[in-house]
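[1] Sequence first, predicted model second:
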Amino acid sequence: MDRGRSGTPNPEVDLTQPISFRMLLLPVGQTTASSPVSITTQPANQIAHPNDDVMLSISASGTGTLVYQWYKNGVAIPSANSSTYDIPSAQASDVASYTVTVSGDPPSCAATSQAAVLGLASGPATTNVFQNRVMTLAVTKPVSVSATYQWSKSTDNGANYTPIDGATNATYSQFVDLPDDGTLFRITLNLASGSITADTTLHVVADMTVPILVSAGAYDPLHIGIVYNERMDFQDHVGGAGDAGLYIAYPDVGDPITVASVIPRTNTLAGDLGQSAVLVTGIVMPPGHYILVAYDFADLAGNESGNLVDGATGIADFTLQSLTPVDVGIAGTNGAGVYNAGAILLGTLGINPFSGTNGGLDVVANGWDIWNGNDGFHFDVARAISGNFDLKVRVQTLVGADQWSKAGLMVRGSTNANSRWMNIIVTPTTSPSTSKGLYAAPRKPAPAPGPALRSSLNVT
């Protein structure tokens, strides 16, 4: 203790520890400081709709003329020097954390506000969705801000909101029908500084348009995959898209192929929203080109179409691919050289139906090891090709079992384990690979005899 001076003793100072202190420097002749700047009203968190006029404001007090400077994600905003900051038409680029510093006459210290979070809803305050279509709502927040989500809805003009079970992500989707018209949907964003909300009113537009058969395809001789442009009435009755007698496949040469049954695919695979089905043929289809005619069908709103009504809406052509699934490796659940066929989601039938584009295939597969000496995976559409060829693949989703998960296009010298191959691979952003996202790679060694593999892969 300081015992050499009078007054209240000061605690001993440990000079081995960091020391912090504050010093106030006053002009010559001035013996008291100016009144410190005080923020009396903080800027508020908000969720805006696109093109909304957003106003951020602050109230402060202090000595002399107050000077303001607004910041967006810590960067000073040019000419934003008043107690309010106006964003006249909110866009995705405006989603950020905003702060403002306020300073008064010297030598008072400047004050910095709390951060105001600006989020953005995905659509206008009133969103129009066609009957029997999918409504998707979303909200965006600043990446650096932690938050949780809860979607709710009200069917009494906003008097009461009921949380939607499981709707705790940044997006929410559901099918809508005419009774949903006028429903209010609310997103609640729970931040550390409090909760903010935004409401969207749903307006359901009656479906008055006829459905269209978009595509058909087959890669085995007993099944035809079909896709419509909207959700369908797949019931087995006249006018229902599930009436097998209303489908006939006409080959370029030979007798017509009738359909024995229709199996709808509803929410079987990601992105499949009740628009597609598998036609089970009554007899084996010979290889070749076919014209599929759907004579009569209706969507969920009862709009009827087909070849009997309008020939342009009920015809699609396809070529039977005659592809055979191939398993490479050892059947099992995990381990080098193992493929887990039981984990592959194939839908109602053990095939992968065609996509909404003629000639396209929805392929679902998995594997354990396609990188080192032991391969283990399931080829759903394996086909031997010689010479030059063109093939396009779109990776719709990649469920990352771990950081090494991958999906894409592979060209192999053979289906033998450790065969030469080249591929274009998509990996998760968490992959330890130096080439995260999209990259091409070869496996050149070939311990076993096999054909040479000389290829160039062009990524577009």
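    Yep, it's here.
[2] burial of the closest residue to Thr127 other than its chain neighbours, as a residue count?
    By the measure of Cβ to Cβ, 6 or more residues apart in numbering, the closest residue to Thr127 outside its immediate chain neighbours is Thr200, 5.6 Å from it. For the C-beta atoms, the positions are set from N, CA and C on the backbone; glycine is no exception. When neighbours are counted by other Cβ atoms under 10 Å, Thr200 registers 23.
[3] who's Thr200 bridged to?
    Beta-bridge pairing of Thr200 under DSSP bridges involves Phe185.
[4] surely it meets Ala121?
    Yes: under the criterion of Cβ atoms under 8 Å, Thr200 makes contact with Ala121 at 6.5 Å.
[5] Show me where this structure dips below the pLDDT cut-off.
    Scanning the chain with the threshold set as pLDDT under 70 gives 1-35, 107-108, 237-239, 266-273, 311-312, 322-383, 396-404, 417-418, 429-460.
[6] Which residues are in contact with each of Thr200 and Ala121?
    Listed as contacting both Thr200 and Ala121 by Cβ atoms under 8 Å, 6 or more residues apart in numbering are His49, Leu137, Ile187.
[7] Surely the second one is within a strand?
    This means Leu137. Yes: counting by DSSP: H, G, I helix; E, B strand; the rest coil, Leu137 is part of a strand.
[8] Contacts only, for the residue nearest to it when sequence neighbours are not counted.
    Across the structure, with Cβ to Cβ, 6+ apart as the measure, the residue nearest Leu137 apart from its sequence neighbours is Tyr172 (5.0 Å). If you count contacts by Cβ under 8 Å, 6+ apart, Tyr172 has them with Thr136, Leu137, Ala138, Trp151, Ile164, Phe185, Ile187.
[9] Of the residues you listed, which is the nearest to Pro264?
    Nearest to Pro264 among the contacts of Tyr172: Thr136, at 22.4 Å, using Cβ to Cβ.
[10] distance of that closest one from Ala170?
    Using Cβ to Cβ, to the nearest Å, one obtains 11 Å as the distance from Thr136 to Ala170.
[11] Between those two, which has more neighbouring residues?
    Ala170 (16 against 13).
[12] correct me, but that one touches Tyr149?
    Yes: between Ala170 and Tyr149 a contact is recorded at 5.8 Å, counting by Cβ under 8 Å.
[13] Which residues are in contact with each of those two?
    For the pair Ala170 and Tyr149, residues contacting each of them under the criterion Cβ under 8 Å, 6+ apart are Val139.
[14] can you give me the strands in the stretch 201-350 of the chain?
    Read by DSSP state E, counting those that start in this stretch, the stretch 201-350 of the chain holds these strands, from start to end of the chain: 213-220, 223-228, 247-251, 257-266, 273-281, 289-294, 297-298, 304-305, 315-319, 326-328, 330-331, 338-339.
[15] Turn those strands into TSV, columns for distance to Gln91 and mean neighbour count.
    Compiled in TSV, those are given as follows (distance: least, Cβ to Cβ, whole Å; neighbours: other Cβ atoms under 10 Å):
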stretch	distance to Gln91	mean neighbour count
strand 213-220	34	23
strand 223-228	35	25
strand 247-251	47	19
strand 257-266	37	18
strand 273-281	29	21
strand 289-294	44	20
strand 297-298	41	26
strand 304-305	40	21
strand 315-319	40	18
strand 326-328	49	16
strand 330-331	52	14
strand 338-339	47	22
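[16] between those strands, which gets nearest to Ser419?
    Of all the strands of the stretch 201-350 of the chain, strand 326-328 sits nearest to Ser419, with 8.6 Å by Cβ to Cβ.
[17] how much space between the residue nearest to Leu137 and Thr136?
    7 Å.
[18] related to what we said a few turns ago, any chance of TSV for the strands of the stretch 201-350 of the chain, columns distance to Val102?
    Compiled in TSV, these are given as follows (distance: least, Cβ to Cβ, whole Å):
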stretch	distance to Val102
strand 213-220	60
strand 223-228	60
strand 247-251	72
strand 257-266	58
strand 273-281	52
strand 289-294	69
strand 297-298	65
strand 304-305	65
strand 315-319	67
strand 326-328	67
strand 330-331	69
strand 338-339	64
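[19] How is the chain partitioned into domains?
    In terms of domains, the chain is parsed into 42-119, 124-205, 213-319 (source: automatic domain parsing).
[20] Now do the end-to-end distance for the second one.
    The reference is to domain 124-205. End-to-end distance of domain 124-205: 16 Å, with Cα to Cα, to the nearest Å as the criterion.
[21] And the buried ones among the contacts of Tyr172, selectable in ChimeraX?
    Typed into ChimeraX, the line below selects the buried ones among the contacts of Tyr172, using 16 or more other Cβ atoms under 10 Å:
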select :137,151,185,187
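[22] wait, which of the contacts of Tyr172 is closest to Val75?
    Distance to Val75, by Cβ to Cβ, is smallest for Ala138 among the contacts of Tyr172, at 25.9 Å.
[23] which ones are touching the closest one?
    Applying Cβ under 8 Å, 6+ apart, one finds that Ala138 lies in contact with Ala121, Ser122, Ala170, Thr171, Tyr172.
[24] Wait, Gln114 touches Asn45, no?
    No: in terms of Cβ under 8 Å, Gln114 does not count as a neighbour of Asn45; the distance is 9.3 Å.
[25] tell me which element the closest residue to Gly64 other than its chain neighbours is part of?
    Computed as Cβ to Cβ, 6+ apart, the closest residue to Gly64 that is not its neighbour in sequence is Asp105, at 3.1 Å. Assignment of secondary structure by DSSP states H and E places Asp105 within no helix or strand.
[26] ok, back up a step: what residues are shared contacts of Gln114 and Asn45?
    Among the neighbours of Gln114, those also in contact with Asn45 (Cβ under 8 Å, 6+ apart) are Ser193.
[27] re the thing from before, sheet-wise, list the partners of the helix or strand hosting the residue nearest to Leu137 with their directions.
    With elements taken from DSSP H and E, the one containing Tyr172 is strand 171-175. In the sheet containing strand 171-175, the strands it pairs with under DSSP bridges are strand 134-140 (antiparallel).
[28] what's the next secondary structure element after the strand it pairs with?
    By DSSP H and E, the next helix or strand past strand 134-140 is strand 148-154.
[29] Can you name the next helix or strand after that next one?
    The element immediately downstream of strand 148-154 (helix or strand, assigned by DSSP H and E) is strand 162-163.
[30] Need the residues that contact that following strand.
    The set of residues external to strand 162-163 that reach it, using Cβ under 8 Å, 6+ apart, is Gln150, Trp151, Ser152, Lys153, Ser154.
[31] what's around the third one, how many residues?
    With neighbours defined by other Cβ under 10 Å, the count for Ser152 comes to 18.
[32] With adjacent residues omitted, what lies nearest to it?
    Tyr161 is the one closest to Ser152 (Cβ to Cβ, 6+ apart), at 4.0 Å.
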